[in-house]
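Peer 1: The sequence and its predicted three-dimensional model are supplied below.
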Amino acid sequence: MLLAIDTSAGTSVAIVDRDAGILAERSVADTMRHAEVIGGMIQECLAASGTSRGALSGVVAGMGPGPFTGLRVGIAAARTFALALGKPLVPVVSHDAIAFAHYGGRFATTGTPVDAPLLVVTDARRRELYWSAYSGVDALGLPVRRGGPGLAKPDEVSTSVLDGLAFAGDVERLDAAEVSAGALGMFAELSFAAGRPFAADEPLYLRSPDVMISTGPKRVTR
């Protein structure tokens with residue numbers, strides 16, 4: 001069983017099991033209160049699923065892309081929890097979870113690879129968007145990322161981004177406001193079972209934070 005945490009949009013926490021699926025999930029759409037709600041949501045999911053901390057085999061962290069302030073809360077919480085348990089941290093690109101959930105029903109119906117281009121888009125603020133492009137899902141139901149994650153102006157996403165990827169035919173666009181920690185965790189479970197590599201253990205901020213810490217001497221004036 002895995003504890004999954006994502007704060008790249010709102011805040012989402014889940015307990016998942018590869019065979020039993022999503023055992024418990026809690027989500028809050030508010031993008032300003034990650035730090036206030038995440039601890040209680042973890043406790044609620046553990047209690048609702050009847051899972052003890054010792055029964056967890058790892059902690060999944062949504063690595064973004066996402067704004068600096070919100071994203072780092074979830075990653076820090078996941079790293080701290082994993083360290084306290086002595087369990088591995090499993091990094092996953094948050095957009096992969098969105099694509100995994102989107103394709104899931106179609107794959108469950110056919111049980112075969114799906115060739116259906118998809119552009120996942122999330123709000124990056126500052127009048128910009130995060131994007132990732134997928135060509136479909138493979139034989140295991142895992143999304144195949146063709147490009148991204150990237151950062152672009154809204155008018156560039158439907159022009160230069162898609163032109164550069166050169167998809168044949170129409171591309172469905174999915175503007176997502178939330179990331180399901182349940183989908184994040186199940187993506188991690190299936191990826192591990194298939195021996196697929198996980199994402200790099202680096203947050204996908206894709207740009208500098210709004211506030212920079214000064215490293216030089218402070219100037220004193222009178």
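Peer 2: Looks like it arrived, so ask away.

Peer 1: contacts, neighbours, all on C-alpha from now
Peer 2: Fine.

Peer 1: Direction included, what does the longest strand that the chain contains pair up with?
Peer 2: In terms of residue count, the longest strand belonging to the chain (DSSP state E) is strand 114-125. Strand 114-125 pairs in its sheet with strand 128-137 (antiparallel), strand 172-175 (parallel), by DSSP bridges.

Peer 1: Could you pull up the mean pLDDT of it?
Peer 2: The predicted model assigns strand 114-125 a mean pLDDT of 93.

Peer 1: in it, what counts as buried?
Peer 2: By neighbour count with 16 or more other C-alpha atoms under 10 Å, strand 114-125 contains the buried residues 114, 117, 118, 119, 120, 121, 122, 123, 124.

Peer 1: can you redo these as a markdown table with distance to residue 17?
Peer 2: What follows is these, written out as a markdown table (distance: C-alpha to C-alpha, whole Å):
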| residue | distance to residue 17 |
| --- | --- |
| 114 | 24 |
| 117 | 28 |
| 118 | 27 |
| 119 | 28 |
| 120 | 26 |
| 121 | 28 |
| 122 | 27 |
| 123 | 30 |
| 124 | 31 |
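
Peer 1: For the residues you listed, work out which two are farthest apart.
Peer 2: 114 and 124 (28.6 Å; C-alpha to C-alpha).

Peer 1: which residues sit in contact with the residue minimising distance to the centre of the chain?
Peer 2: In the chain, the residue lying closest to the centroid (C-alpha atoms, centre = their mean) is residue 94, at 1.6 Å. Residues near residue 94 by C-alpha atoms under 8 Å, 6 or more residues apart in numbering: 6, 8, 62, 63, 64, 65, 179, 184.

Peer 1: Buried subset of those as a ChimeraX selection?
Peer 2: Filtering the contacts of residue 94 down to the buried ones (16+ other C-alpha under 10 Å) takes a single ChimeraX command:
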select :6,8,62,63,64,65,179,184
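
Peer 1: The contacts of residue 94 in helices, which ones?
Peer 2: residue 184 (DSSP state H).

Peer 1: Same list (the contacts of residue 94) but as JSON lines, adding pLDDT and distance to residue 160.
Peer 2: Shown next, in JSON lines, are those (pLDDT from 0 to 100; distance: C-alpha to C-alpha, whole Å):
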{"residue": "6", "pLDDT": "98", "distance to residue 160": "29"}
{"residue": "8", "pLDDT": "97", "distance to residue 160": "25"}
{"residue": "62", "pLDDT": "98", "distance to residue 160": "27"}
{"residue": "63", "pLDDT": "98", "distance to residue 160": "25"}
{"residue": "64", "pLDDT": "98", "distance to residue 160": "22"}
{"residue": "65", "pLDDT": "98", "distance to residue 160": "20"}
{"residue": "179", "pLDDT": "97", "distance to residue 160": "26"}
{"residue": "184", "pLDDT": "98", "distance to residue 160": "29"}
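
Peer 1: Tell me the one among the contacts of residue 94 nearest to residue 104.
Peer 2: Distance to residue 104, by C-alpha to C-alpha, is smallest for residue 184 among those, at 12.4 Å.

Peer 1: For the closest one, list the residues it contacts.
Peer 2: 4, 5, 6, 60, 62, 92, 94, 96, 97, 98.

Peer 1: cutoff 10 Å now
Peer 2: The contact partners of residue 184, taken as C-alpha atoms under 10 Å, 6 or more residues apart in numbering, are 3-6, 12-14, 16, 60-62, 91-101.

Peer 1: How about residue 33?
Peer 2: 7, 10, 11, 70, 73.

Peer 1: Alright, that wraps it up for me.
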